[in-house]
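Visitor: pasting the sequence and the predicted coordinates here, then a few questions.
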Amino acid sequence: MENELNQKRTIANSFEKVKQQGRIALMPFMMAGDPDLETSAQVLLGLQNSGADLVEIGIPYSDPLADGPVIQEAAARALNSGTTPSRVLKMLSGLKGKLSIPIILFTYSNPLIAKGMDNFCDEAAKAGVSGLVVPDLPLEEAERLSPLALSKGLDLVLLVAPTTPKERMQRISDSSRGFTYLVSVTGVTGERKNMQERVGSLVKELKSFCSLPIAVGFGISGPEQVRQVRRWGADGAIVGSALVKRIANAQRGHEAEQACKFCLELSKAFYD
């Protein structure tokens, strides 16, 4: 177990690498099992080769309360194809030795609790996962899960919303590991044409007391939003619905190709 953890690139290392390169981290989000896990493995490797610094992978869930229609539909397709948490971890285990970037699992608390937090974290770590995002986990439970995850070599990444009071932001940043996930909107995931300027103020406020990197997600749909996040001083940009839509609309068998094309378009904005 210890050797596996030493070989796995950590989230902190990835953020430090991109910082040294004078840019921010690109973190695509994809739904595991949409349209099937074999395709997901191809997409994942393609993203790695197309400029992704970290990849967030969603485990499909029947009641994804933080997700907008695009990701909800992707989760439904994945569930219909027989995708389960165990099969997602098996897919990731099969890619060990091929993946050199951190993988962050996005899951809701119910699947995690059903398997048992300790068992879930243990299996995720053995599959090569570097971190977890659990959007519906209360902060009080997250404070209990974070050290457990850390004992397995996993970073529990917590979310800050535009409506989060400053004193609670402090508690969240204290319990988060790897990076802090700043949600750019009050609402669910989905593409937006414009991002609200107040997100820039939130980035500055978080940085005043948070030592972790800050990645902005929800609503980033293209290179211009990536540039905006970069100007605000964030350390990373998370792109979900826009990529999931391109995978869904791709001709069957060309999902990885379309995902790579979009990822390359986004990565150029990190150097402009």
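Guide: Perfect, I can see it now. Residues are numbered from 1 along each chain as shown.

Visitor: any residues touching the helix or strand that Glu205 is a member of, and which ones?
Guide: Here Glu205 sits within helix 198-207, counting by DSSP states H and E. By C-beta atoms under 8 Å, 6 or more residues apart in numbering, the residues outside helix 198-207 that reach it are 160, 162, 166, 169, 173, 180, 182, 184, 214, 216, 229, 231-234. Any C-beta I mention is one placed from the backbone N, CA and C, and that applies to glycine too.

Visitor: please name whichever of the residues you listed scores lowest on pLDDT.
Guide: Ranked by pLDDT, these bottom out at Ser184, which has 78.

Visitor: so that residue touches Ile220, yeah?
Guide: Yes. Here Ser184 reaches Ile220: they are 7.3 Å apart, a contact under C-beta atoms under 8 Å.

Visitor: point to the helix or strand of this structure where mean pLDDT is at its lowest.
Guide: The least trusted helix or strand in the chain, going by mean pLDDT, DSSP states H and E, turns out to be helix 2-7, with a mean of 40.

Visitor: could you pull out the strands for this structure?
Guide: Taking DSSP state E as the criterion, the chain carries its strands at 25-31, 55-58, 103-106, 131-133, 155-157, 159-160, 180-183, 214-217, 236-239.

Visitor: can you give me the buried ones in stretch 21-34?
Guide: Arg23, Ile24, Ala25, Leu26, Met27, Pro28, Phe29, Met30, Met31, Ala32, Gly33, Asp34 (16 or more other C-beta atoms under 10 Å).

Visitor: before we move on, the earlier item: closest one to Ser40 out of the contacts of helix 198-207, please.
Guide: Using C-beta to C-beta, Val216 comes nearest to Ser40 of those, at 24.5 Å.

Visitor: count of neighbours near the closest one?
Guide: Using other C-beta atoms under 10 Å, Val216 has 29 neighbouring residues.

Visitor: again, but for the one 4 residues further on
Guide: Around Ile220 sit 26 other residues, with neighbours defined as other C-beta under 10 Å.

Visitor: looking at it now. What's its pLDDT?
Guide: Turning to Ile220, the model gives it a pLDDT of 85.

Visitor: who's in contact with the residue lying closest to it once chain neighbours are set aside?
Guide: Distance criterion C-beta to C-beta, 6 or more residues apart in numbering; nearest residue to Ile220, sequence neighbours excluded, is Val239 at 5.0 Å. Residues near Val239 by C-beta under 8 Å, 6+ apart: Leu26, Met27, Pro28, Phe29, Gly217, Ile220, Ser221, Val226, Leu266.
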